[in-house]
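Chemist: model this:
(one chain, ligands or ions: 1)
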Amino acid sequence: MGRISDVDVERVRDATDLVALVSETVVLKKKGRLFWGNCPFHGEKTPSFKIDPGTDLWHCFGCGLGGDVFGYVMRAENLEFPDAIRRLADRAHIEIVEEGGAGMPTGRKERLIAACEAAADFFHKNLIAGRSPGAEEAREYLKRRDFGIDVAKRWRLGYAPSGKDEMTKALLAQGFTRDELVDANITLAVERGAVKDRFFGRIMFPITDLSGRVIAFGGRVVGDGHPKYLNSNETPIFHKSSNMYGIDRARNEIVASGTAVVVEGYTDVIALAEQGIGYVVATLGTALTERHVKLLGRFAKKVVYLFDGDEAGQRAASRAAEFIDASSTPEAGNARVDLGVAVIPEGMDPADFVGERGAVEMRALIDGAQPLLRFVIDQRLSTHDLSTPEGKSAALNDAVQPLAAVKGSILAQEYVSYIASRLLTTPDYVQRALSGAHVHRPRSEAEEEQVAQHGVKAPTIDSNQARAEKELLRTVTLAPSIRAEARDLLSEEFVLDESRRVLLGWILEAGQASGQALFDSISKRDRNSAESLSEWLVDAPDVEQIEYAFREVSGRLKEFALERLILTKKAGLRALDAVKDATAYDGLFREVVTLERQRNALRTRMTQPADGRVE
Ligand SMILES: [Zn+2]
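Modeler: Residues are numbered from 1 along each chain as shown. The predicted structure follows:
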């Protein structure tokens, strides 16, 4: 992939009007200087999504997301940063130059998508009007599943003829090159430069991106044959772990209902949607991944994994439990995503079930989904013999494992009590087992650091300190005038949290930059950090107020630092013998007294005139 120059990124950004872009899909209302609308990234009925047309930055105080125009497109269409630039460049008709383009040049991906679109049309025509026995058989098969021609048209289903290279020939004749077809994985290169169709003799399900453009295919064999299902391989436009079948159609209903249902079969998605249950998507021949959950979490508050009660389904649920992280806990507030599990009884698949029992029962099954954690814990407990002490102890260690990633949360506490009641033991006993349990996936770098510095029981930074650090960041973000003065605070002494300290440094280095310029300067280092500032950059209060807030918070941070120093010195005092180490003791004692005096003076200054009381 070529590198896009900063100049081009700026050209694209300057050519894009964020308000116009967002209003293509969101109803915006102007209130004062800002535009407001219902957030496209989380379900809501009253607007908490705001855009500042002055800076072209946005922020939602419901889900906490925010950023610039690129961040918006990345989330709205599930794109990586360079692809978001390319998409907006296309929209603004700007030609961008990509340096070192050993990979795919600009427009190349659009060509692959166009090839997939053309292939989808070819397959679709074949299914609807094909005269071959194979096409006839495909229509018969669909009819048996209650999918008539109207359903095939609505879902753009197709049939790949068994002629080995019919589709490839048709697309070459339309002007696509051999390489484009191979790169889109709809054609296979065979020996001596020959090519053949990737799919033949199969019913074709077009897989689309969030905007409904075809990027890949799933093919089901008609009759017997192997494999039963065949999906496109990964291509520059298709990634199994971050795309889902039906997401473009389901997304509005997911937002409206707050729920996303995940199934495994494409025909299940269609069958449920045809019965009026439209918030359903399918994974693409893989298990549910963390990226899927994140993708759905942008639209849904609750993700229900619906599967048949067979062993494979149980394994899939168990794997899904590995994604339980802080975003599933009550502490995540508005950003919380609940993961649930619903099991289809009696060996039916979701399409069978909705066909036999109807939509009402299906909805009831989905609504009655049990929490994924509860399901997985029950499953783990059920594999042990709870009547023996050995069995109980093994069950305990097994059952606390899924809680390891959310150890300190209210959610974990609830399940600790639950496991205790199941094992007829005390919550304390379960809690001890949980303390020793480790997360089975790599920790983030920041977490590793925390552990390395403080040992496993990382003491969390005192919340007053954390609040003051955030307030410091807010003030330096909004008021360039105080940045020179804030340099004094840029050290471990005053800002304990490493990532906040790094961010503070970046902001101070941005000189007098504000608004979009500040956002850009930070996003060149790290987009996430820049986005975390959007909350403040949109709708900034007046500078005088900020300067006042800065004086306050800087005093508070200095006070906290002194307080920590005093505590350390006092601990040193306790370790000394006032008689035997008299000289050292006296010296240290005087130091403590001086520090306390400084701290008290600082407090007096800060509390006046509102409250002159000093300890
Ligand atoms: Zn939101």
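Chemist: what about the chain, any weak spots by pLDDT?
Modeler: 1-2, 99-106, 309-314, 316-318, 320-335, 439-462, 607-615 (pLDDT under 70).
Chemist: just the residues of it that are near the ion, which are they?
Modeler: 39, 41-42, 60, 62-63 (C-beta under 5 Å from the ion). To be clear about C-beta, it is placed using only N, CA and C from the backbone, and glycine gets the same treatment.
Chemist: Could you take those and lay them out as JSON lines, with extra columns for neighbour count?
Modeler: Shown next, in JSON lines, are those (neighbours: other C-beta atoms under 10 Å):
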{"residue": "C39", "neighbour count": "23"}
{"residue": "F41", "neighbour count": "20"}
{"residue": "H42", "neighbour count": "23"}
{"residue": "C60", "neighbour count": "23"}
{"residue": "G62", "neighbour count": "19"}
{"residue": "C63", "neighbour count": "21"}
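Chemist: among those residues, which two are most distant?
Modeler: Across those, the longest distance by C-beta to C-beta is 8.7 Å; it joins F41 and G62.
Chemist: which residues do the two both contact?
Modeler: F49 (C-beta atoms under 8 Å, 6 or more residues apart in numbering).
Chemist: all helices of the stretch 401-550 of the chain, in order?
Modeler: 410-423, 427-435, 445-454, 463-478, 483-486, 498-509, 515-523, 527-532, 534-537, 543-575 (DSSP state H, counting those that start in this stretch).
Chemist: so which of the residues of the chain next to the ion comes closest to S211?
Modeler: The closest of the residues of the chain next to the ion to S211 turns out to be F41 (C-beta to C-beta; 15.5 Å).
Chemist: before we move on, what SS does that closest one have?
Modeler: The local conformation at F41, judged by DSSP: H, G, I helix; E, B strand; the rest coil, is coil.
Chemist: nearest residue to it other than its sequence neighbours?
Modeler: Nearest residue to F41, sequence neighbours excluded (C-beta to C-beta, 6 or more residues apart in numbering): R298, at 4.8 Å.
Chemist: phi, psi of the one you found?
Modeler: Per-residue torsions, R298: phi -70, psi -20 (degrees, to the nearest 10).
Chemist: That one: neighbour count?
Modeler: 21 (other C-beta atoms under 10 Å).
Chemist: how close does V304 sit to the ion?
Modeler: 21 Å (C-beta to the ion, to the nearest Å).
Chemist: Mind giving me the packing neighbours of the strand or helix carrying that residue?
Modeler: Here V304 sits within strand 302-308, counting by DSSP states H and E. Applying 3 or more C-beta pairs under 8 Å, 6 or more residues apart in numbering; DSSP states H and E, we find strand 302-308 packed against strand 259-263, helix 290-297, helix 311-320, strand 338-344, helix 359-367.
Chemist: Give me whichever of those is most buried.
Modeler: For the helices and strands packed on strand 302-308, the largest average neighbour count (mean count of other C-beta atoms under 10 Å) is found in strand 259-263, namely a mean of 27.
Chemist: need the next SSE after it, C-terminal direction.
Modeler: For strand 259-263, the following helix or strand on the C-terminal side (DSSP H and E) is helix 266-274.
Chemist: which residues touch that next one?
Modeler: Taking C-beta under 8 Å, 6+ apart as the rule, helix 266-274 contacts 145-147, 151, 155, 205, 218, 220, 245-246, 249-250, 261, 263, 278, 280-282, 349-351, 354-355, 362.
Chemist: swap the cut-off to 6 Å and go again
Modeler: 155, 205, 218, 245-246, 280, 282, 350-351, 354 (C-beta atoms under 6 Å, 6 or more residues apart in numbering).
Chemist: With distance to Y159 as extra columns, can I get the helices and strands packed on strand 302-308 in a markdown table?
Modeler: Shown next, in a markdown table, are the helices and strands packed on strand 302-308 (distance: least, C-beta to C-beta, whole Å):
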| stretch | distance to Y159 |
| --- | --- |
| strand 259-263 | 23 |
| helix 290-297 | 29 |
| helix 311-320 | 28 |
| strand 338-344 | 29 |
| helix 359-367 | 28 |
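Chemist: Of all those, which one comes closest to I113?
Modeler: helix 290-297 (18.9 Å).
Chemist: Give me the spatial nearest neighbour of D83, chain neighbours excluded.
Modeler: D83 sits nearest to K109 (C-beta to C-beta, 6+ apart), 7.3 Å away.
Chemist: quick one: the one you found is in a helix?
Modeler: Yes. According to three-state DSSP, K109 belongs to a helix.
Chemist: In this structure it contacts T235, no?
Modeler: No. When contacts are counted by C-beta atoms under 6 Å, K109 is not listed as touching T235 (9.3 Å).
Chemist: quick one: which of these two has more around it?
Modeler: Per other C-beta under 10 Å, whichever of K109 and T235 has more neighbours is K109, with 21 against 17.
Chemist: Out of the residues of the chain next to the ion, the closest to A437 would be?
Modeler: Nearest to A437 out of the residues of the chain next to the ion is C63 (C-beta to C-beta; 30.1 Å).
Chemist: Confirm that that closest one sits in a helix.
Modeler: No. C63 is assigned coil when assessed by three-state DSSP, not a helix.
Chemist: Can you give me the distance of it to V293?
Modeler: Here C63 is placed at a distance of 15 Å from V293 (C-beta to C-beta, to the nearest Å).
Chemist: swap in Q370?
Modeler: Counting by C-beta to C-beta, the gap from Q370 to V293 is 17 Å.
Chemist: In terms of helices and strands, where is P206?
Modeler: Using DSSP H and E, P206 falls in strand 202-208.
Chemist: what residues does that strand touch?
Modeler: 120, 123, 138, 156, 158-160, 214, 216-221, 245, 248, 266.
Chemist: PyMOL command to pick out the buried ones of those?
Modeler: Selecting only the buried entries of the contacts of strand 202-208 in PyMOL, with 16 or more other C-beta atoms under 10 Å as the criterion:
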select buried, resi 120+123+138+156+158+159+160+214+216+217+218+219+220+221+245+248+266
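Chemist: Show me the contacts of strand 202-208 that map onto helices.
Modeler: 120, 123, 138, 248, 266 (DSSP state H).
Chemist: which ones are touching the first one?
Modeler: Shown here is A120, whose contacts under the criterion C-beta under 6 Å, 6+ apart are 156, 206, 214.
Chemist: got the domain boundaries for the protein?
Modeler: If you go by automatic domain parsing, the domain ranges for the chain are 3-99, 108-231, 247-377, 383-440, 463-607.
Chemist: circling back: would JSON lines of the contacts of A120 with distance to F589 be doable?
Modeler: JSON lines is the format used below for the contacts of A120 (distance: C-beta to C-beta, whole Å):
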{"residue": "R156", "distance to F589": "82"}
{"residue": "P206", "distance to F589": "79"}
{"residue": "V214", "distance to F589": "78"}
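Chemist: Right, I'll call it a day here.
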